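[1] pasting the sequence and the predicted coordinates here, then a few questions.
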Amino acid sequence: MLTRDPSPEAKQLGRLAARLWAVRELSQLTELGNLGATLRTTVAETLVRCADAFIEQGAVEGAVAVCIAGLRVDSDGVLAEDWARCLARSAELGLEKGGEHTARVSHRVASGLASTAEETRNSLGRVEAKLERRRMKRRRWKWILATALFAVALGAGIVTMAAWKAEEARQAEEARQAEEARQAEEEARKAEEARKAEEARQAEEARQAEEARLAEIQRRGYWRDPSTDLTWQVTPTGDSMGRDAAQRHCRGLSLAGGGWRLPTIGELRSLIRGCPATERGGSCGVTDDCLRRRCRDSSCTACSRNAGPADGCYWPAAMSGTCSWYWSSSPVADSADPAWYVYFHSGNVDGRYVSTVKHVRCVR
């Protein structure tokens, strides 16, 4: 403890030491260790007063620095109680000003001095209690922060998991829809194939039925036209001949009980298929009611050759024979000799002299 006033020399050395520590050059005070014990004690006493002055001014770091320097000078521990007091007060002041690191250093050094003064021990106890509260507060905040971070991480994980599950569900739904679309497309394809197969089967059946019908007609030798109720000879008999010979030929035909005749031009036109202008009721003017030469106009030669529906011929599929000129019994009314005929190779209607040879198809 301080017991006497320092000498002028000691005061000068103390001021020098305080000045050196104030400018962060107190490490130079280690050279004072070479001084005598009395002089070192005097310097230490001055440093104690200097530390107290720092504390009074609130300069905690300066006070701690001076105390540390004083401990180096007072290597014998003569003023240990004073150093402990100064360091304890510095620790308290440091905590008040927020300098926790300085307070911890001061507390650690002061605790090592083992002070016996009750005030110093109380001060150190208060510092220890405050430091412990701060430690607990930091731990609590660390725990709160860790809990918050964990909650954030957990929430982020839950959100991520939810997003992942939502994405997985979306992909599963897309896959399901794609599979349903594929199955629907496959079913539609199979249905279309089945429809086409059914159409092909029906078409084949119809073709076979038509072939059977035509074969029956060919075998029978005659065909009834449902649109006119006329019965026609399917396969012409006899060679090409003049018109008068054709009429005699049909009257003498004994097919299916006889009763045959050479058709009129109107009846012969009713056999035309695929040439609208010369079909029965078409724009061609030659009919059973108009047999003059002037009744024939350009529409009576409107169709192309070999473009009819029955293998190029303009007559029903049931007919057979040479696709050529066929006589009618109708004369060209304003001429002495010609008669009307139909050229089934092109669907044309025209007139020629009766002596001209042409094919014959009888009707009844």
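    Nice, thanks for sending it over. Residues are numbered from 1 along each chain as shown.
[2] quick check, Ala307 in contact with Gly274.
    Yes: the pair Ala307 / Gly274 is scored as a contact, 7.4 Å apart, by CB atoms under 8 Å. In short, each C-beta sits where N, CA and C put it, glycine included.
[3] neighbour-wise, which of the two wins?
    Between Ala307 and Gly274, Gly274 has the larger neighbour count (other CB atoms under 10 Å), namely 17 against 14.
[4] against Ser254, how distant is the closest residue to Asn306 other than its chain neighbours?
    Nearest non-adjacent residue to Asn306, counting by CB to CB, 6 or more residues apart in numbering: Gly312, 3.9 Å away. As judged by CB to CB, to the nearest Å, Gly312 and Ser254 stand 32 Å apart.
[5] ok, those two, which is more surrounded?
    Gly312 (15 against 8).
[6] now do the same contact list for that one.
    Listed by CB atoms under 8 Å, 6 or more residues apart in numbering, the contact partners of Gly312 are Asn306, Cys323, His345.
[7] contact partners for the last one?
    Spelled out, it's His345. Arg305, Asn306, Gly308, Gly312, Cys313, Tyr314, Cys323, Ser324.
[8] which helices and strands sit right next to the longest helix anywhere in the chain?
    Of all segments of type helix in the chain, defined using DSSP state H, the longest is helix 118-220. On a contact count with 3 or more CB pairs under 8 Å, 6 or more residues apart in numbering; DSSP states H and E, helix 118-220 meets helix 80-96, helix 100-112.
[9] quick check: the gap between Glu192 and Glu199.
    Relative to Glu199, and taking CB to CB, Glu192 is found at 10 Å.
[10] same deal with Thr235?
    When Thr235 is compared with Glu199 (using CB to CB), they lie 33 Å apart.
[11] over to Cys275?
    According to CB to CB, Cys275 stands 29 Å off from Glu199.
[12] more crowded one of those two?
    Shown here are Cys275 and Glu199; by other CB under 10 Å, Cys275 has more neighbours (26 against 10).
[13] what sits against the closest residue to Trp223 other than its chain neighbours?
    Excluding the flanking residues, the one nearest Trp223 by CB to CB, 6+ apart is Ala318, at 4.3 Å. Neighbouring residues of Ala318 by CB under 8 Å, 6+ apart: Arg213, Leu214, Ile217, Trp223, Val234.
[14] what's the offset of stretch 326-333 from the middle of its chain?
    Centre-to-centre, stretch 326-333 and its host chain are 76 Å apart (CA atoms, centre = their mean, to the nearest Å).
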